[in-house]
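J.: no sequence for this one, just the structure:
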């Protein structure tokens with residue numbers, strides 16, 4: 001049995017998802033292997049990613065993510081966890097506060113990671129996976 005103090009120390013990470021059934025539920029991707037393949041396609045772009053911060057907007061230049069980079073030692077989540085967080089927010093329509101509690105980070109960190117990853121996904125898969133509706 002866990003106490004409330006122990007609950008605050010737990011975090012939800014991608015290694016928690018060990019079965020295809022859980023992966024499908026949390027991300028909408030039918031298999032863990034599919035999640036890993038999709039992540040490996042995105043992984044090549046990650047060293048160049050600059051994270052969304054506060055009220056700074058995404059650059060209008062195509063392929064550019066944002067204006068402030070985050071040093072790896074300051075990152076609270078690994079790339080796979082951020083990817084999982086983004087997919088969970090899309091699939092389950094979870095609020096940042098809920099995701100923050102699950103992943104052991106602040107709601108602002110969730111929001112910044114989500115904005116960054118949505119932009120990265122839209123740039124990476126602009127013509128193949130994501131279709132944006134016209135205004």
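T.: Perfect, I can see it now. Given the structure is predicted, the values throughout are model-derived calculations rather than measurements.
J.: contacts, neighbours, all on C-alpha from now
T.: OK.
J.: can you pull the contacts of residue 128?
T.: Not one residue lies near residue 128 by Cα atoms under 8 Å, 6 or more residues apart in numbering.
J.: On the three-state scheme, it is what?
T.: coil (DSSP: H, G, I helix; E, B strand; the rest coil).
J.: So it versus residue 121, what's the distance?
T.: Shown here: residue 128 relative to residue 121, a distance of 11 Å by Cα to Cα, to the nearest Å.
J.: buried set for the helix ranked longest in the chain?
T.: If you go by DSSP state H, the chain has its longest helix at helix 107-124. Buried residues in helix 107-124, counted by 16 or more other Cα atoms under 10 Å: 107, 109-120, 122, 124.
J.: What's the end-to-end length of stretch 11-21?
T.: For stretch 11-21, the end-to-end distance is 20 Å (Cα to Cα).
J.: Report the rounded mean pLDDT for that stretch.
T.: Averaging pLDDT along stretch 11-21 gives 87.
J.: what do you get for stretch 106-123?
T.: Computed over stretch 106-123, the average pLDDT equals 91.
J.: ditto for stretch 92-102
T.: For stretch 92-102, the mean confidence score works out to 95.
J.: same check, this time on stretch 30-38
T.: 95.
J.: how far is it from where the chain is centred?
T.: On the basis of Cα atoms, centre = their mean, to the nearest Å, stretch 30-38 sits 15 Å off its chain's mean C-alpha point.
J.: which residues sit against it?
T.: With Cα under 8 Å, 6+ apart as the criterion, stretch 30-38 contacts 17, 18, 19, 20, 21, 23, 24, 29.
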